[in-house]
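> The following comprises the amino acid sequence and a computationally predicted model.
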Amino acid sequence: LYLGPVVSPPGGYGDILGASVSTEQEVKEVLDRIASSGTAGVKTCVEKGWNVLGRKLPRHSDAILQRIKKESDKRKLPIYVHASCEEDLTRALNLGIHALAHPIIIRNERLSDSFIEKMKQTSTYQMSTLSISDSELSHFNLKRLDNPALEMIVPKIELAFAKDYKKRMLALAMLFSFGFSSPKLDNASINFFRRHSNIAVFLGKILKAVYKQGQTKFLASSKDAIQRLYKAGVPIVLGSDTVASPCSLFGFHGFLTLRELELLGESGLPPKDAIEAATITPAKMLGIEKEVGTIEIGKQADLIIVHDNPMDNLQAMRTLRWTIKNGIANTPEQWMLNY
């Protein structure tokens, strides 16, 4: 299940992913291409960016957004939107979309009560993506990496890279540069810091304290948003947003989903509701709830068996004993060996 290339404005967020549009005719052509590939929906961006100096990324015009909506509806493709501040989230919501890929992220904002009420009224799905900030806090607690599950599923070279001090400082330096520049300049800054690793280490040392404080605040803002949306009755979907970036050293695919589940619990979701956010709710969002999402006769036999009780503590999901996929049961070690 996939959404295809992100439909983005030229020079805007997601432009490098290959489906930027500047005219209504281009919208039609891109949507034709996306629909022909059998996607589960359309993803687009309404994102002004995170520039610390206030410069905003280009965003779709109202006319382009309306055309994206029209062409998506024509093809019966639900719209998923990347947005990360209330200004952009509201604009996306007004479009009549299916799901928001993020709550408040990388910001110190707090969602307004009026926005949350509007989310409730529209029944728009909200993905969580709390791991975006939480995973970055691993910079300051490398003990998180001392985990048998990580050692089993993450390539050794990737774990070694994440533990390497110079490489972590390089990642921090590159992340810092992204707040000031454009995509083209981002690539230039990455190459600069790679050539001058001593400068990257020096800058990384300076940024460490500020970065930790910022990510801690960003995580708190995201948790607050998820908690209030959940209490209002907005359907919450677990999503880790495992970032595909050379700067995201701790975005370990798969394992981060377990951490995201725990973060939902930390945000106030009872264990049962947090587990539903990882199972039946996303199945409903994707329109496949008759096939997966709950344990019932007639559905796919995709199950896990854990040693401890997740209703007592969501970390019980880490005590995995068996994974059953399409009725085939293996221990984690057997899955890794055979597949």
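Structure's in. What do you need?

> Now for residue 243, how many residues are close by?
Other residues lying near residue 243 total 17 when counted by other Cβ atoms under 10 Å. Bear in mind the C-beta positions are built from the backbone N, C-alpha and C, glycine included.

> Report pLDDT for it.
Note for residue 243: predicted pLDDT of 73.

> There's contact between it and residue 250 in this structure, I believe.
No. The pair residue 243 / residue 250 is not scored as a contact, 9.2 Å apart, by Cβ atoms under 8 Å.

> what touches both of the two?
residue 135 (Cβ atoms under 8 Å, 6 or more residues apart in numbering).

> Am I right that residue 126 falls within a strand?
Yes. Assessed with DSSP: H, G, I helix; E, B strand; the rest coil, residue 126 lies in a strand.

> Strands along the stretch 101-250 of the chain, start to end?
Ranges of strands in the stretch 101-250 of the chain, per DSSP state E, counting those that start in this stretch, are 125-127, 236-237.

> Compare these and give me the one nearest residue 105.
strand 125-127 (10.6 Å; Cβ to Cβ).

> What mean pLDDT does that closest one get?
Strand 125-127 carries an average pLDDT of 98.

> ok now it, how far from the chain's centre?
The chain centroid and the centroid of strand 125-127 are separated by 11 Å under Cα atoms, centre = their mean, to the nearest Å.

> which helices and strands does that strand pack with?
If you count contacts as 3 or more Cβ pairs under 8 Å, 6 or more residues apart in numbering; DSSP states H and E, strand 125-127 packs onto strand 99-100, strand 236-237.

> cutoff 10 Å now
strand 79-82, strand 99-100, helix 113-122, helix 197-231, strand 236-237, helix 280-285 (3 or more Cβ pairs under 10 Å, 6 or more residues apart in numbering; DSSP states H and E).

> To residue 313, which of those lies closest?
Among the helices and strands packed on strand 125-127, helix 197-231 comes nearest to residue 313, with 18.1 Å by Cβ to Cβ.

> Show me what counts as buried in the closest one.
Within helix 197-231, the residues that qualify as buried are 200-201, 203-204, 207, 211, 214-215, 218-219, 221-230, counting by 16 or more other Cβ atoms under 10 Å.

> quick check: angle from that helix to helix 113-122?
Helix 197-231 runs at 60 degrees relative to helix 113-122, counting by axes from the mean of the first three to the mean of the last three Cα atoms, to 10 degrees.

> list the helices and strands helix 197-231 packs on?
helix 113-122, strand 125-127, helix 131-136, helix 165-178, helix 183-195, strand 236-237, helix 255-266, helix 271-277.

> from memory residue 127 sits against residue 222, does it?
No. Applying Cβ atoms under 10 Å as the test, residue 127 and residue 222 come out as separate, 11.1 Å apart.
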